[in-house]
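**Student:** Give me coordinates for this.
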Amino acid sequence: MTDRLAVFGNPVAHSLSPEIHQMFAESAGISMTYEKVLIPLGEFKETAREFFRSGGKGINITVPFKQAAFDFVDALSVSAQQAEAVNTIVPQANGELKGFNTDGAGLVSDLQSNLGWEITSKSILIIGAGGAVQGVLGDLLRAAPRSIVIANRTASKAQALAVKTNDERVSAVPLGDLSGNFDVIVSGSSAGLSEVGQGYALATSLMHENTCCYDMIYAKATEFLSWCGALPVTQRADGLGMLVEQAARAFELWYDVKVDSRAVLDRLRR
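**Tutor:** Numbering: from 1, shown residues only. This is a model prediction of the structure:
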């Protein structure tokens with residue numbers, strides 16, 4: 001029997017999820033199909049309900065439907081509760097649909113396992129305060145950093161997210177007021193540094209010779225990584241590894257098998 005999986009989004013044509021999950025399935029000897037489903041705005045719940053009613057095995061969710069998926073499911077994982085967003089839906093034995101958020105686990109795994117960057121006891125700066133950042137904060141905190149500073153053009157959004165996180169290690173500052181020194185800088189803004197206005201650049205004083213820069217965006221050059229690239233002492237990476245690692249967590253939730261995510265990432269990089 002061939003399982004049916006899908007990613008729901010709008011837009012969704014750019015998604016690499018079908019290729020990634022097909023590689024996982026081949027390595028695990030699993031027969032499945034994985035499709036991209038373009039969902040009209042406002043029609044997520046109806047389409048998801050029909051997908052599972054017709055025997056669907058599971059769904060990944062991308063923008064802009066992670067909040068709709070959060071509202072749709074019957075039960076939530078801890079990460080999904082903290083993120084207030086769902087990117088993976090898994091049918092349960094009792095008939096319920098459970099929502100998970102694997103983005104944070106994917107980010108942490110890429111940082112620590114693939115890139116070899118240390119998070120424990122380190123200072124982290126996160127640029128942006130939108131859904132992508134909220135989606136990873138819980139897992140980053142479970143990796144035991146010393147501190148996380150959220151910086152955003154709209155300071156009130158960063159402050160609200162820090163308060164919602166309810167962890168003394170998390171603080172918020174306006175982008176223009178940043179100071180200090182950070183071990184890891186993560187851009188979680190869909191616009192990169194251009195979000196903060198023309199000609200803005202982070203002060204190099206925020207970095208030391210071992211600072212690592214990470215952009216959650218993948219497969220395209222960003223202003224943030226270009227800025228990091230002008231500083232030869234800095235390690236930098238895009239978010240392709242996060243994409244693969246969060247997909248690996250979803251696949252494991254559906255099939256209860258461990259997959260070789262590093263091999264898939266290497267294939268995609270090539």
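
**Student:** what comes up buried for stretch 137-147?
**Tutor:** L137, G138, D139, L140, L141, A143, P145, S147 (16 or more other C-beta atoms under 10 Å). From N, CA and C alone the C-beta is placed, and that goes for glycine too.

**Student:** So the second one sits against V78, correct?
**Tutor:** Yes: at 7.3 Å, G138 and V78 qualify as touching, with contact defined as C-beta atoms under 8 Å.

**Student:** Tell me where the stretch 101-250 of the chain has strands.
**Tutor:** 123-127, 147-152, 170-174, 182-187, 207-215, 235-237 (DSSP state E, counting those that start in this stretch).

**Student:** Excluding its own residues, what touches the longest one? List them.
**Tutor:** By C-beta atoms under 8 Å, 6 or more residues apart in numbering, the list of residues contacting strand 207-215 from outside reads 107, 111, 115, 117, 181-187, 192, 222, 224-225, 228, 231, 233-239.

**Student:** Compute the distance from the centre of it to the centre of its chain.
**Tutor:** 19 Å (C-alpha atoms, centre = their mean, to the nearest Å).

**Student:** Pairing partners for that strand, with directions?
**Tutor:** Next to strand 207-215 in the sheet, as set by DSSP bridges, lie strand 182-187 (parallel), strand 235-237 (parallel).

**Student:** swap in the third one?
**Tutor:** According to DSSP bridges, the neighbouring strands of strand 170-174, each with its direction, are strand 147-152 (parallel).

**Student:** Domains in this structure, by residue range?
**Tutor:** When the chain is parsed with automatic domain parsing, its domains come out as 3-101, 104-239.

**Student:** how about TSV for those, with mean pLDDT added?
**Tutor:** Compiled in TSV, the domains of the chain are given as follows (pLDDT from 0 to 100):
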stretch	mean pLDDT
domain 3-101	97
domain 104-239	89
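
**Student:** closest one to A247 among those?
**Tutor:** Relative to A247, the nearest member of these by C-beta to C-beta is domain 3-101, separated by 4.7 Å.

**Student:** Ends of the closest one, what's the gap?
**Tutor:** End-to-end distance for domain 3-101, by C-alpha to C-alpha, to the nearest Å: 21 Å.

**Student:** Please compute how far it lies from its chain's middle.
**Tutor:** 15 Å.

**Student:** got it, and stretch 144-156?
**Tutor:** 17 Å.

**Student:** Nearest residue to D110 in space, please, no chain neighbours.
**Tutor:** Excluding the flanking residues, the one nearest D110 by C-beta to C-beta, 6 or more residues apart in numbering is G241, at 3.5 Å.
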